[in-house]
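Asks: pasting the structure only:
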């Protein structure tokens, strides 16, 4: 059997986050770097606005670690739009080799994993990972134009307007930054869910599968972690995720959190089952989790990016919704030497 | 400046190719492993047929090198359909960690490059790279339903119905197989082309940029290669590619070929500017180029996967067509020891 997880020796040199009005009004609002009350970021189209968020978020990350385009070996980027145009257009102004990704809402973790692999192996000394989503571009592509005022079921999630960008460098060069010390790519899972209004349910088994395999392969216990965070299972999927694990004897106790549950005020912001979208886990990691790890408030976490890989057409054709979850283990620079990996 | 190209130490352990009726009727028809005269591969939808081609092509590649799912560390896969559903559904039956890619028609080269990087660095001993396109699923998504009978401009290309799959292993384990000895990821380029009926013109500058940078960085001459092959520039883009290089003093002489020019009989098959699509370069590499390298007929080639990264929506919104080209250097196992990298 091929080894499933890998040790990594990378660090998040810098991050940037850009969000919309609703995210700025939410409980994490004060954490994000930039926002625009109009959600338009000076562009004529929602797709253009989403691209602009990526450009701004990556520019912020680059400037924070004092890097220029020439210092970055490759960009790993993707998004939810058809043909991943937010990334293709948003990052066009950077003169950096580009690997386009499609991992649905798991793209943040997929990009960080590939970037961390590349720098850990010494292919490059630094890589970028960028992703985004936008409520308005996603609604009209995946569901209906906003003007139709379609009803949303209680299990539906709200696509986050936001872009998160990361510069990943070799750990030895950034001893004071949060370390990416291990990772495991996910396997696509199909548990027979075919309701696009309940993507948390489609993604929960994929997240449970990846976490279960990681704990089994490494021999680590959930108690090793201050937090085990999923990307965007939301309230419905998050509950299923914990239930699935508990049924197999894995109790996350009070260690579980989900970016989709954290980003909005569930009652006050009318988001039903929570946030979702590529941008959800990216901005919560960039603006909320990483700073708490940087300060030492969180010592060690698992971050599971979760993605539902259907298209509107595949759902109409009666197909189920395959899902995937990629995992990263992150370590605070404040952990005592003896506790480090 | 970050090093732009990388030495790789990987080999194509096995490949598989599956095509449609038109590709089977073309000049390379006898080379492909499997085809279906109905283009449906037993499925109800064109999208399902495309997924099935991926499943079959990768199954063939696996069986040819005697591997099972557990022997493959990761799959790198993508396609042209919205949310890359051909790959997500087509490879779902394989229990292998999955990295979804979107590189438009450059996906074959992008996947091979990432797979070769991962095995060269020792992350895994083997990885898969799979991609596909289907004329019927692409036409209705990118252009108009076939039943409309829309006219095609002379610069338009014909999307190849085909899937190509590769198992990439560590070179030392496959001394008798074609070696992937170097690579360079491309940078997205926008040369102001906005005509989706002339994607060769949008992609030619990206291919020229990557080749020019590779030759400059390595100091290699085009004379080093028996063939310099682009993925799907077609007749229009191929001519522009050679013109752009000639204007900078790089003469490819008789060494240039394009998979989109090779796959169809231009006059007899009514394909206008040639073939295109993710499947185009994948099946020509798998079924035509690799066997000629395996036999020693071709000693050393450069393979440039070319992709146009617009969406139908981005074009309607007046955006230009960004393009990219990823490069691989391939070496025949029959090259004399002294000639090897």
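Replies: Everything's here; your move. None of these values were measured; they are calculated from a predicted model.
Asks: what's the burial count for residue A:83?
Replies: Neighbourhood size, residue A:83 [other C-beta atoms under 10 Å in any protein chain shown]: 27. From N, CA and C alone the C-beta is placed, and that goes for glycine too.
Asks: assumed it was part of a helix.
Replies: Yes. Per DSSP: H, G, I helix; E, B strand; the rest coil, residue A:83 lies within a helix segment.
Asks: who touches stretch A:36-45?
Replies: By C-beta atoms under 8 Å, 6 or more residues apart in numbering or on different chains, the residues outside stretch A:36-45 that reach it are A:18, A:20-21, A:24, A:46, A:48-49, A:51-53, A:56, A:134-137, A:161, B:317.
Asks: so what's the closest residue to chain B within the stretch 151-300 of chain A closest to, chain neighbours aside?
Replies: Across the stretch 151-300 of chain A, the shortest distance to chain B (C-beta to the nearest C-beta) belongs to residue A:185, at 3.8 Å. Excluding its sequence neighbours, the residue lying closest to residue A:185 (C-beta to C-beta, 6 or more residues apart in numbering or on different chains) is residue B:97, at 3.8 Å.
Asks: so the one you found makes contact with residue A:189?
Replies: No. If you go by C-beta atoms under 8 Å, residue B:97 and residue A:189 don't touch, sitting 11.6 Å apart.
Asks: next, residue A:207: phi, psi?
Replies: Dihedral pair for residue A:207: phi -70, psi -40, per degrees, to the nearest 10.
Asks: quick check: it vs residue B:219, distance?
Replies: 48 Å (C-beta to C-beta, to the nearest Å).
Asks: which one of these two has more residues nearby?
Replies: Neighbour count, other C-beta under 10 Å: between residue A:207 and residue B:219, residue A:207 has more, with 33 against 7.
Asks: tell me who's in contact with the more buried one.
Replies: By C-beta under 8 Å, 6+ apart, the contact list for residue A:207 reads A:230, A:233, A:237, A:241, A:304, A:306, A:325.
Asks: give me the secondary structure label for residue A:330.
Replies: Per three-state DSSP, the local secondary structure of residue A:330 is strand.
Asks: now do the contacts for it.
Replies: Going by C-beta under 8 Å, 6+ apart, residue A:330 touches A:12, A:178, A:179, A:180, A:181, A:289, A:290, A:293, A:300, A:301, A:302, A:303.
Asks: so the third one makes contact with residue A:13?
Replies: Translated: residue A:179. No. Applying C-beta under 8 Å as the test, residue A:179 and residue A:13 come out as separate, 10.9 Å apart.
Asks: where does chain A have low pLDDT?
Replies: For chain A, applying pLDDT under 70 flags the ranges A:1-2, A:338.
Asks: could I get the contacts of residue A:207 as a markdown table with neighbour count, distance to residue A:41 and secondary structure?
Replies: Shown next, in a markdown table, are these (neighbours: other C-beta atoms under 10 Å in any protein chain shown; distance: C-beta to C-beta, whole Å; DSSP: H, G, I helix; E, B strand; the rest coil):
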| residue | neighbour count | distance to residue A:41 | secondary structure |
| --- | --- | --- | --- |
| A:230 | 33 | 28 | strand |
| A:233 | 35 | 28 | coil |
| A:237 | 33 | 29 | helix |
| A:241 | 28 | 33 | helix |
| A:304 | 28 | 29 | strand |
| A:306 | 35 | 26 | strand |
| A:325 | 33 | 30 | strand |
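Asks: for the helix or strand hosting residue A:59, buried residues please.
Replies: Secondary structure assignment for residue A:59, by DSSP states H and E: helix A:46-64. Within helix A:46-64, the residues that qualify as buried are A:46-58, A:60-62, counting by 16 or more other C-beta atoms under 10 Å in any protein chain shown.
Asks: which residues touch residue A:138?
Replies: A:80, A:81, A:159, A:277.
Asks: angles on the backbone of it, please.
Replies: Per-residue torsions, residue A:138: phi -70, psi -40 (degrees, to the nearest 10).
Asks: in which helix or strand would I find the residue nearest to the spatial centre of chain A?
Replies: Nearest residue to the geometric centre of chain A (C-alpha atoms, centre = their mean): residue A:281, 3.3 Å. Assigned by DSSP H and E, residue A:281 falls within helix A:278-284.
Asks: which other helices and strands contact that helix?
Replies: If you count contacts as 3 or more C-beta pairs under 8 Å, 6 or more residues apart in numbering or on different chains; DSSP states H and E, helix A:278-284 packs onto strand A:6-19, helix A:107-120, strand A:126-133, strand A:162-170, strand A:227-230, helix A:259-262, strand A:300-308.
Asks: roughly how far apart are residue A:142 and residue A:156?
Replies: Counting by C-beta to C-beta, the gap from residue A:142 to residue A:156 is 11 Å.
Asks: so which bits of stretch A:202-218 are buried?
Replies: Across stretch A:202-218, burial judged by 16+ other C-beta under 10 Å covers A:202-211, A:213-215.
Asks: let me fix that: stretch A:89-105
Replies: Buried residues in stretch A:89-105, counted by 16+ other C-beta under 10 Å: A:89-92, A:94, A:96-105.
Asks: show the backbone phi and psi for residue A:293.
Replies: According to degrees, to the nearest 10, residue A:293 has phi -80, psi -40.
Asks: got a list of what it touches?
Replies: A:178, A:299, A:301, A:330, A:331, A:332.
Asks: most widely separated two among these?
Replies: Farthest-apart pair in those is A:178 and A:299; separation 10.5 Å (C-beta to C-beta).
Asks: between the two, which contacts overlap?
Replies: Common contact partners of residue A:178 and residue A:299 (C-beta under 8 Å, 6+ apart): A:293, A:331, A:332.
Asks: now the strands for the stretch 151-300 of chain A?
Replies: For the stretch 151-300 of chain A, strands defined by DSSP state E, counting those that start in this stretch occupy the ranges A:158-159, A:162-170, A:179-184, A:227-230, A:256-258, A:275-276, A:300-308.
Asks: given the third one, what are its sheet partners and their directions?
Replies: Looking at strand A:179-184 with DSSP bridges, its partner strands are strand A:6-19 (antiparallel), strand A:323-331 (antiparallel).
Asks: which of those strands sits most buried?
Replies: A comparison of the strands paired with strand A:179-184 by mean neighbour count, using mean count of other C-beta atoms under 10 Å in any protein chain shown, puts strand A:323-331 on top with a mean of 27.
Asks: what about residue A:240, how many residues nearby?
Replies: Neighbourhood size, residue A:240 [other C-beta under 10 Å]: 23.
Asks: grab the nearest non-local neighbour of it.
Replies: Nearest non-adjacent residue to residue A:240, counting by C-beta to C-beta, 6+ apart: residue A:204, 3.9 Å away.
Asks: who's in contact with the one you found?
Replies: Residue A:204 is in contact with A:233, A:237, A:238, A:240, A:241, A:244, counting by C-beta under 8 Å, 6+ apart.
Asks: follow-up on the earlier one: out of the contacts of residue A:138, which are close to chain B?
Replies: Filtering these for neighbours of chain B using C-beta under 8 Å from any C-beta of the partner chain leaves A:80, A:81.
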